[in-house]
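[1] sequence first, then the predicted structure, then my questions.
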Amino acid sequence: MATLLAALTLALVGCSDDDPEPEADPTPSTSTSTSVTPTPEPTEPAAPLDPEATVKAWVAARNQALSRGDVTEVRRLSSPECSSCADLIDPIAETHANGGRYETAGWRVLRARVTDHAPDAAEVTAALVFAGGTTYLSATADPVVYEAERRITIFELTKSSGGWAVSLIGFVR
Amino acid sequence: MRTLLLPFLVAILLGPPPQAHAQAGECSWVAVTHMITGNVVTQLELVCAASDDSATEVTGSEIEPSFTHVNETACATLAGAIGISHLLLWCPSDSPDPEVTPGVVLSALRQTPLPPSELIVQPPNGRTLVNFETNFYTETHPFNRTIRLFGQRVDLRIWPSSFEWRFGDGATMATESAGSPYPHLEITHSYASKGQVGPSVDTTYEADFRVNGGPWRPVPGTVTTAGDSVGLDVVEATPTLVGYH
């Protein structure tokens, strides 16, 4: 386990910027435009995400799952053995399967930095804002109303051939 | 108290704690129940024991330790390491536990594994006859559970309130009765044709709850647990002359 000095050093040289992230919108706008779609140019394969970007992608994918019920992407960004990920994903799938829905902006990454790094493992500490909102756990359930929260959150990641994946999510308060 | 705490934390240690361990002393990941985005979920929370462990309570039958906020130091250190300055917003020292409402208990109950009912079929041994009153019943009994929500003890009295019988040939029946063994036939079904079927019974549970030993209140909803199907071979009886003189 790294020492405090190492943690602070990594934090200071972390690859994150200090600007607040734009709020993740779980309900992206849809376009009804009928304009001609340009032929897509051949593109290079997307570069693998680094640990910090993986965390941001995980949060964005969970927000998408809240609004659409499709947990495929957020599961893809989670390692198979990440039970703490599943604990945050499975209820979303269950709620949508039961006809429920989420009326919330989801989570927002206010700040994220790599606080520990090894060739095949990394730790990202993030400041997350949980938006308030209303959840209906099923089609007939009474609404569950909740306030916004701020949580210091630790993401542990492991690297495999498919890139970085979240292997543990824990909260500090 | 510390000698009680340490074995318990070891038992629920879910992985190496993060950097904060180095700054905050004895920190561990523990599973706690919390509401996130309206779902009651089990989440990992960093718990750092105070030097005198005065805030820790361990009772053997409960599913998670009780603790108060003894890890502000770890939180503040981590928040500071990523450039968060308004520490009181992120690491409050006096954040109250949320109220355990009936809706929260229902959410927790729905995420608590409840036992499926074992379907018993008569005649036994996985065979019955076409056009025969096959008997079905189950022996699911009420039971109690204790969970912790938001750091508070919640006792649950749970009982099966209704059953959905699925006979495997497309026919179903809903009852409040669990059925009875032969000869007290309550839940019966006649199969019209031979073949393999997989009958099962889904059980709907209701519950009462109380918080910290307070008055019992009803949980405002039910939870249904699907039962496993049972292999059943429906055969035709063919009259056979076994002797005539």
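    On my side now, so go ahead.
[2] drop to CA atoms for contacts and neighbour counts, all remaining ones
    Will do.
[3] just give me the neighbour total for the nearest residue to residue B:102 once chain neighbours are set aside.
    Excluding the flanking residues, the one nearest residue B:102 by CA to CA, 6 or more residues apart in numbering or on different chains is residue B:219, at 5.7 Å. Residue B:219 has 22 neighbouring residues, counting by other CA atoms under 10 Å in any protein chain shown.
[4] how about residue A:162?
    Residue A:162 has 9 nearby residues by other CA under 10 Å.
[5] now do it, the pLDDT please.
    The score at residue A:162 is 79. That number is its pLDDT.
[6] just residue A:87 next, same as before
    pLDDT, residue A:87: 92.
[7] now swap in residue A:20 and tell me
    For residue A:20, pLDDT reads 41.
[8] if we can go back for a sec, quick check, the residue nearest to residue B:102 in contact with residue B:210.
    No. Judged on CA atoms under 8 Å, residue B:219 makes no contact with residue B:210 at a distance of 9.5 Å.
[9] give me the phi and psi for residue B:38.
    Backbone torsions of residue B:38, given as degrees, to the nearest 10, read phi 90, psi -10.
[10] longest strand of chain B, counting residues only.
    As assigned by DSSP state E, the longest strand anywhere in chain B is strand B:152-166.
[11] so which residues make contact with whichever helix or strand comes after that one?
    Downstream of strand B:152-166, the next assigned helix or strand under DSSP states H and E is strand B:172-175. Contact with strand B:172-175 is made by B:162-166, as judged by CA atoms under 8 Å, 6 or more residues apart in numbering or on different chains.
[12] which of the residues you listed come close to chain A?
    For chain A, no contacts are drawn from the contacts of strand B:172-175 by CA under 8 Å from any CA of the partner chain.
[13] for the longest strand of chain B, C-alpha coordinates in CSV please.
    This file holds the C-alpha atoms of strand B:152-166, laid out as CSV (Å, rounded to 0.1, in the frame of the first residue of the first chain):
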residue,chain,number,x,y,z
GLN,B,152,-30.8,1.1,12.9
ARG,B,153,-32.1,-2.3,13.8
VAL,B,154,-35.2,-3.4,11.8
ASP,B,155,-37.0,-6.6,12.8
LEU,B,156,-39.2,-8.2,10.2
ARG,B,157,-42.0,-10.7,10.7
ILE,B,158,-42.6,-12.3,7.3
TRP,B,159,-45.3,-14.7,6.3
PRO,B,160,-46.6,-16.2,3.1
SER,B,161,-49.9,-14.5,2.3
SER,B,162,-50.8,-16.0,-1.1
PHE,B,163,-49.7,-18.5,-3.7
GLU,B,164,-49.8,-18.7,-7.4
TRP,B,165,-49.8,-22.3,-8.6
ARG,B,166,-48.5,-23.0,-12.0
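[14] partner strands of that strand, with direction?
    Strand pairing for strand B:152-166, determined by DSSP bridges: strand B:143-149 (antiparallel), strand B:172-175 (antiparallel), strand B:200-211 (antiparallel).
[15] what are the ranges of the strands in chain A?
    Applying DSSP E to chain A gives strands spanning A:101-104, A:107-118, A:121-130, A:133-136, A:143-146, A:149-160, A:163-172.
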